[in-house]
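Novice: no sequence on this one, just coordinates:
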């Protein structure tokens, strides 16, 4: 009753112009901080939020290490011992085999040199600087009049057109993971607080009832936002992402919308329907909205969560996502008041 009296009218939703006062802002900040602390005490939440960055970094480091080790293997097979000295002088690891061509064809070698009549044949599974270098050595050996000029490696820039689809896909996957985390954490924290009696204690506080729903969304933003930013910057440090700020924006809005979706569907389900049914509905709805944005990017880039699918399709989000997200947060807070605060 005290919470309803503090709203200055508006008994149906608990939201009115008189609610936005310094005392209510402090109450919102305090309750949000309490929810954040409860979330951070959950080891599963911390591990889940850290996992995308750690997994991405490990995968990219492992892939880069394997690629570098494989493509820079200096081993080369020859069937003519006279080729050992000139190749070894250029730091190749030369191995003599009676049938060098067979070692290449059966996958035992990446590069091999063999004779066919009066000419030398250089075989390689792919190009690269070492292959060009071996060809240059062989041209010197046979006395060709022209030489290969090996250009320096091209440095990949942040705006490399060739890398944009790949880095955009990585950034989008990180945003998708945090969206699903938002759904699970939003629904799971409400279910945990409801079953443990913490929510009942929170509702006994003499504060406007709309603050309870809003505080959960603020807490989700505080928990998900920094973890998403760190994860995307980890990816960006390993492989520069074109317009990383755009992916941070669209991923954060999608994660916040996903968290709101998890909260509102669990609140509407009530305590009788359990946890799994509303959670599966929230996850399915989230994936459906992302798919809609991918199929209709021209429409989807105006809406939160849907704009993540549009970003996958190459259409950046519109700033209209911000007011739409705030409107959705207000509706979720009002609906939370009607469902839980009775």
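Specialist: The structure has been received and is ready for your questions. Keep in mind the model is a prediction, meaning the values are calculated, not measured.
Novice: excluding sequence neighbours, find me the nearest residue to residue 98.
Specialist: Of all residues not flanking residue 98 in the chain, residue 79 sits nearest, at 6.3 Å (C-beta to C-beta, 6 or more residues apart in numbering). Any C-beta I mention is one placed from the backbone N, CA and C, and that applies to glycine too.
Novice: tell me how many other residues crowd the one you found.
Specialist: Per other C-beta atoms under 10 Å, the neighbour tally for residue 79 reads 18.
Novice: what does residue 295 give?
Specialist: For residue 295, the count of nearby residues is 12 (other C-beta under 10 Å).
Novice: for it, which residues are in contact?
Specialist: Residues counted as contacts of residue 295 (C-beta atoms under 8 Å, 6 or more residues apart in numbering) are residue 309.
Novice: flag the shaky bits of the stretch 151-300 of the chain, pLDDT-wise.
Specialist: For the stretch 151-300 of the chain, applying pLDDT under 70 flags the ranges 151-165, 270-273.
Novice: what are the ranges of the helices in it?
Specialist: Applying DSSP state H, counting those that start in this stretch to the stretch 151-300 of the chain gives helices spanning 164-196, 198-203, 210-238, 244-269, 276-295, 297-300.
Novice: enumerate every residue touching residue 168.
Specialist: Residue 168 neighbours (C-beta under 8 Å, 6+ apart): 241, 242, 247, 311, 312, 314.
Novice: how close does the third one sit to residue 168?
Specialist: Read that as residue 247. Counting by C-beta to C-beta, to the nearest Å, the separation of residue 247 from residue 168 is 8 Å.
Novice: mutual contacts of the two, please.
Specialist: Between them, residue 247 and residue 168 share these contacting residues under C-beta under 8 Å, 6+ apart: 241, 311.
Novice: reformat the contacts of residue 168 as a markdown table; add neighbour count and distance to residue 93.
Specialist: What follows is these, written out as a markdown table (neighbours: other C-beta atoms under 10 Å; distance: C-beta to C-beta, whole Å):
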| residue | neighbour count | distance to residue 93 |
| --- | --- | --- |
| 241 | 24 | 37 |
| 242 | 18 | 39 |
| 247 | 26 | 43 |
| 311 | 28 | 46 |
| 312 | 22 | 44 |
| 314 | 11 | 45 |
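Novice: looking at those, spot the one nearest residue 283.
Specialist: Residue 283 has its nearest neighbour among these in residue 312, at 17.6 Å by C-beta to C-beta.
Novice: so for the closest one, what's the pLDDT?
Specialist: We have a pLDDT of 90 for residue 312.
Novice: returning to that earlier point: mind checking the helices of the stretch 151-300 of the chain for the one nearest to residue 24?
Specialist: Comparing those by their distance to residue 24 (C-beta to C-beta), the top pick is helix 210-238, with 6.6 Å.
Novice: for the closest one, list every residue counted as buried.
Specialist: 210-221, 223-225, 227-228, 231-232, 234-236, 238 (16 or more other C-beta atoms under 10 Å).
Novice: next one: stretch 260-273
Specialist: 260, 261, 262, 263, 264, 265, 266, 267, 269.
Novice: what's that stretch in contact with?
Specialist: Contacts for stretch 260-273 (C-beta under 8 Å, 6+ apart): 182-188, 190-191, 194-195, 213, 216-217, 220, 275, 277-279, 281-282, 285-286, 305, 328-329, 332, 335-336, 339-340.
Novice: and stretch 182-198, by the same measure?
Specialist: Contacts of stretch 182-198 (C-beta under 8 Å, 6+ apart): 35, 38-39, 45, 48, 199-200, 202, 216, 219-220, 223-224, 254-263, 265-267, 271, 275, 278-279, 282-283, 286.
Novice: give me the neighbour count for residue 246.
Specialist: Residue 246 has 15 neighbours, counted by other C-beta under 10 Å.
Novice: need the contact list for the nearest residue to it once chain neighbours are set aside.
Specialist: With sequence-adjacent residues excluded and distances taken as C-beta to C-beta, 6+ apart, residue 246 is closest to residue 316, at 5.3 Å. Contacts here follow C-beta under 8 Å, 6+ apart; on that basis residue 316 touches 243, 246, 250, 301, 310.
Novice: among these, which ones are buried?
Specialist: For these, buried by 16+ other C-beta under 10 Å: 243, 250, 301, 310.
Novice: would JSON lines of the residues you listed with distance to residue 28 be doable?
Specialist: Below are the buried ones among the contacts of residue 316 laid out as JSON lines (distance: C-beta to C-beta, whole Å):
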{"residue": "243", "distance to residue 28": "33"}
{"residue": "250", "distance to residue 28": "26"}
{"residue": "301", "distance to residue 28": "30"}
{"residue": "310", "distance to residue 28": "32"}
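Novice: and of the residues you listed, the nearest to residue 139?
Specialist: Out of the buried ones among the contacts of residue 316, the member with the shortest distance to residue 139 (by C-beta to C-beta) is residue 243, at 44.1 Å.
Novice: next one: phi and psi at that closest one?
Specialist: phi 60, psi 60 (degrees, to the nearest 10).
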